[in-house]
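> Curious how this folds, go ahead:
(chains A and B)
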2 protein chains.
Amino acid sequence: MSSTEDTRQRLLKAARRLFAERGYDGASVRAITRAAGSNVAAVGYHFGSKEALYKEVIRAMDDPLAERIVALSRDEDTPVRQRIRILLQEVFQHLWDNPDQTRFMVELRLYRTEWLADLAQILAPITEALIRLVQQGQSEGTIRAGDPLLLAMSLMSQPVYFMLVTRKIPQGILPVEPSTEAGRAVYLDHMVDFALAGLAPTAGVAHGRGS
Amino acid sequence: MSSTEDTRQRLLKAARRLFAERGYDGASVRAITRAAGSNVAAVGYHFGSKEALYKEVIRAMDDPLAERIVALSRDEDTPVRQRIRILLQEVFQHLWDNPDQTRFMVELRLYRTEWLADLAQILAPITEALIRLVQQGQSEGTIRAGDPLLLAMSLMSQPVYFMLVTRKIPQGILPVEPSTEAGRAVYLDHMVDFALAGLAPTAGVAHGRGS
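All right, here's what the predicted structure looks like:
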């Protein structure tokens, strides 16, 4: 890695941490460059502005998940309902392992609504892949008719909502503790059941998982 | 209304606005009492502390919705699936009309995790009512077997997630604009279809995992 590329990566890493901890306004360019061990002008040089850096942090954080979702949407040899199980598992685990991602998403949607067009653009590969996956299910008859984006949104609602409402909840309140992998598996099974039933062509069609 | 009660209400109103705009740390007791036109000691006198005031704001904001959900859970003459439609409609409309409520919920869940036990207590009437409603559906055979709280969470995920991801999105990105009542009706119909299908018993086949 060249030293220039190295500085860019250190800035992204420091910015991700500080924006997540303090929010956009709370994290100054000075604090970010100091944490990255770089010159205060480095943000301007590498990204153009603090705002552009913030959006780049979101894009970089989003990329690994986007790549997996796009790959799933193209894996046409695997039945759609099986790919949906994999999708929910990966999204839930990703959000669980990267709690700061939810903070960024929520900060943008609640407080930075002027940037939502940029966010939609950053998320476009995921959105398009989800629509493609739903449309494949509609073609093969395993997903009911309806607007593919609305159906995709209901699908994604499961891991996002469960992450938001189960993470950090004190013991004894939830029916299952999600802090262990075994506990999260119970939530995952539930989400998959609920989402597949919600998407199924006819309400009430059996969707047992065998065994 | 006595003058003491009036001061209390003015403090709650000012605190709700300032906490929503600036977050818990950003809204000082001084700013809140100034906005309420009261003495700086009034927060201590009426609520005991800033933290207690914050929690009281959440309780007061939550009460009207809690009341409606509890009433729905007791209206046993109306079929459960019909009450679920009413529930989703009221929750979605309530969140739409009170966007600051989502800010408080999200701030608590992401940044004030030490207060989540208090939040769970404030939300207990809603949680219990939702569990009761799901159990009634399970008794009458219109909701599938499964942990009632997990099923209730998937139900609530719909209005919360759709509120979070559709509000303020620039025109031309969503398939339907949610900013009009007619647009929101499309989202509501979708959520109701998805949730009712997700909760439905499987046709003729016992679903249960452990069975």
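> how does chain A divide up, domain by domain?
A:1-48, A:58-199 (automatic domain parsing).
> Just checking the helix or strand bottoming out on mean pLDDT in chain A against chain B, any contact.
None of the helices or strands of chain A scores lower by mean pLDDT, DSSP states H and E than helix A:99-111, at a mean of 87. Yes. Counting by C-beta under 8 Å from any C-beta of the partner chain, chain B is contacted by helix A:99-111 at A:99, A:102-103, A:106, A:109-110. (Glycine included, C-beta is placed from N, CA and C.)
> Check stretch A:169-189 too.
Yes. Contact between stretch A:169-189 and chain B is present through A:169-170, A:173-176, A:187, A:189 (criterion: C-beta under 8 Å from any C-beta).
> Is A:Ile169 in a helix, a strand, or coil?
coil (DSSP: H, G, I helix; E, B strand; the rest coil).
> contacting residues for it?
A:178, B:116, B:120 (C-beta atoms under 8 Å, 6 or more residues apart in numbering or on different chains).
> and it, what pLDDT?
With respect to pLDDT, A:Ile169 scores 86.
> give me phi/psi at it?
phi -70, psi 130 (degrees, to the nearest 10).
> next one: A:Gly48
Torsion angles, degrees, to the nearest 10, at A:Gly48: phi 100, psi -40.
> If you count neighbours, what's buried in the least confident helix or strand of chain A?
A:101-111 (16 or more other C-beta atoms under 10 Å in any protein chain shown).
> what packs against it?
Under the contact definition 3 or more C-beta pairs under 8 Å, 6 or more residues apart in numbering or on different chains; DSSP states H and E, helix A:99-111 sits against helix A:3-26, helix A:50-74, helix A:80-97, helix A:116-140, helix A:148-166, helix B:99-111, helix B:148-166.
> how about 6 Å then?
Identification of packing neighbours for helix A:99-111 by 3 or more C-beta pairs under 6 Å, 6 or more residues apart in numbering or on different chains; DSSP states H and E yields helix B:99-111.
> what angle separates the helix it packs on from helix B:80-97?
90 degrees (axes from the mean of the first three to the mean of the last three C-alpha atoms, to 10 degrees).
> angle of helix B:99-111 against helix B:50-74?
Going by the same axes, to 10 degrees, helix B:99-111 makes 110 degrees with helix B:50-74.
> Next, count neighbours for the nearest residue to A:Ile69 once chain neighbours are set aside.
Excluding its sequence neighbours, the residue lying closest to A:Ile69 (C-beta to C-beta, 6 or more residues apart in numbering or on different chains) is A:Ala129, at 4.6 Å. A:Ala129 has 21 neighbours, counted by other C-beta atoms under 10 Å in any protein chain shown.
> same thing with the one 4 residues further on?
Counted with other C-beta under 10 Å, the neighbours of A:Leu133 add up to 26.
> doesn't A:Ser73 make contact with it?
Yes. Using C-beta atoms under 6 Å, A:Leu133 is in contact with A:Ser73, at 4.6 Å.
> secondary structure class for A:Arg144?
coil.
> same question, A:Glu177
coil.
> list the contacts for it?
By C-beta atoms under 6 Å, 6 or more residues apart in numbering or on different chains, the contact list for A:Glu177 reads A:Gly183.
> who in chain A is up against chain B?
Residues of chain A lying close to chain B (C-beta under 6 Å from any C-beta of the partner chain) are A:103, A:106, A:109-110, A:113, A:116-117, A:120, A:147, A:149-150, A:154, A:157, A:161, A:164, A:168-170, A:173, A:175, A:190, A:194, A:197-198, A:203-204, A:206.
> nearest spatial neighbour of A:Ala35, skipping sequence neighbours?
A:Ala14 (3.8 Å).
> and what of A:Gln89?
A:Leu188 (5.6 Å).
> how close does that neighbour get to A:Ala182?
Counting by C-beta to C-beta, to the nearest Å, the separation of A:Leu188 from A:Ala182 is 11 Å.
> Comparing the two, which residue is more hemmed in?
Taking other C-beta under 10 Å, A:Leu188 and A:Ala182 do not tie; A:Leu188 has more neighbours (20 against 10).
> For stretch A:28-42, what is the distance to the chain centroid?
27 Å (C-alpha atoms, centre = their mean, to the nearest Å).
> er, stretch A:15-23 actually
Counting by C-alpha atoms, centre = their mean, stretch A:15-23 comes out at 17 Å from the chain centroid.
> in it, what counts as buried?
In stretch A:15-23, counting by 16+ other C-beta under 10 Å, buried: A:15-20, A:23.
> got it, and stretch A:160-168?
In stretch A:160-168, counting by 16+ other C-beta under 10 Å, buried: A:160-167.
> which non-adjacent residue is nearest A:His140?
Check again: residue A:140 is Glu, not His. Nearest one to A:Glu140, counting by C-beta to C-beta, 6+ apart, is A:Val80 at 6.1 Å.
> what about the one you found, how many residues close to it?
Counted with other C-beta under 10 Å, A:Val80 comes out at 24.
> what pLDDT does it get?
97.
> so what's it up against?
Contacts of A:Val80 by C-beta under 6 Å, 6+ apart are A:136-137, A:142.
> hmm, which of those residues are the buried ones?
The buried subset of the contacts of A:Val80 (16+ other C-beta under 10 Å) comprises A:136-137, A:142.
> Of those residues, which is the nearest to B:Val57?
Nearest to B:Val57, judged by C-beta to C-beta, of these is A:Gly137 at 43.7 Å.
> quick revisit: in CSV, list the buried residues of stretch A:15-23 along with pLDDT.
Below are those laid out as CSV (pLDDT from 0 to 100):
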residue, pLDDT
A:Ala15, 97
A:Arg16, 97
A:Arg17, 96
A:Leu18, 96
A:Phe19, 94
A:Ala20, 91
A:Gly23, 86
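> Where does the residue nearest to A:Gln89 sit, in terms of helix or strand?
helix A:181-199 (DSSP states H and E).
> In that helix, which residues are buried?
A:184, A:186-199.
> okay, and for chain A, where does confidence drop off?
Residue ranges of chain A with pLDDT under 70: A:1-2, A:203-211.
> residue farthest from the centroid of chain A?
A:Asn39 (31.9 Å; C-alpha atoms, centre = their mean).
> now stretch A:149-165, how far from the centre of its chain.
The mean C-alpha position of stretch A:149-165 is separated from the chain mean by 10 Å, C-alpha atoms, centre = their mean.
> Equivalent analysis for stretch A:125-134, please.
That offset, for stretch A:125-134, works out to 13 Å (C-alpha atoms, centre = their mean).
> Just list what the helix holding A:Leu188 packs against, helices and strands only.
helix A:80-97, helix A:148-166, helix B:181-199.
> tilt between the second one and helix A:80-97?
Helix A:148-166 runs at 40 degrees relative to helix A:80-97, counting by the same axes, to 10 degrees.
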